[in-house]
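> Mind folding the following:
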Amino acid sequence: MSALVSQMGHFYISIRTMSNRKEKNMCKIEYDNILAFHPGFYLKELIEDMEITQDEFAKRLDISSKHLSEILSGKASVHEDVAMKLATVLGTSAGLWLNLQAKYNEKCEVIRSDRAELTSPQI
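Model (predicted):
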């Protein structure tokens, strides 16, 4: 199991392996007692559970492998078009994926706001 942790004050971006079956990278953001998981965190596990490649999953979604890779790594957001495709392929609702993205965005904003307060000069 490997781990890469970038530390900036109380702010941590962790890419960790989380599976006993085989190694994989997952993105999550930790700050004090806040954890933010990108929807790609969950998608990576689902793809492995389906026992297909990322390229095959991208084909099923009708998106590029690069776009899927960016979602899985947390570099791209899940927008409505991809949420609809995920819902169709996985038998979920689009709202599930949009809500996961919205919660991730909200938590990231709280973290940014808290960090800004820590770095602001006190008057």
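> Quick check: chain neighbours aside, which residue is closest to I47?
Distances taken as C-beta to C-beta, 6 or more residues apart in numbering put F57 closest to I47, at 5.0 Å, once the chain neighbours are dropped. From N, CA and C alone the C-beta is placed, and that goes for glycine too.
> helices or strands next to the helix or strand hosting that neighbour in the packing?
Per DSSP states H and E: F57 is located in helix 54-61. Counting by 3 or more C-beta pairs under 8 Å, 6 or more residues apart in numbering; DSSP states H and E, the packing neighbours recorded for helix 54-61 are helix 39-50, helix 65-72, helix 80-90.
> okay, which residue is most central for this structure?
With distances taken as C-alpha atoms, centre = their mean, H38 lies nearest the centre of the chain, 2.2 Å away.
> neighbours around L72, how many?
Residues near L72, counting by other C-beta atoms under 10 Å, number 24.
> N105 too?
Around N105 there are 13 other residues, counting by other C-beta under 10 Å.
> Relative to L98, how far out is it?
10 Å (C-beta to C-beta, to the nearest Å).
> one step back: I'd assumed E48 was in contact with the residue nearest to I47.
No: the criterion here is C-beta atoms under 8 Å, and F57 misses it with E48 at 10.1 Å.
> Comparing these two, which residue is more hemmed in?
F57 (21 against 14).
> what sits against that one?
I47, M50, L68, V89 (C-beta atoms under 8 Å, 6 or more residues apart in numbering).
> Scan those and report the most crowded one.
L68 (23 neighbours).
> Now it: closest residue in space that isn't a chain neighbour?
L68 sits nearest to A58 (C-beta to C-beta, 6+ apart), 4.2 Å away.
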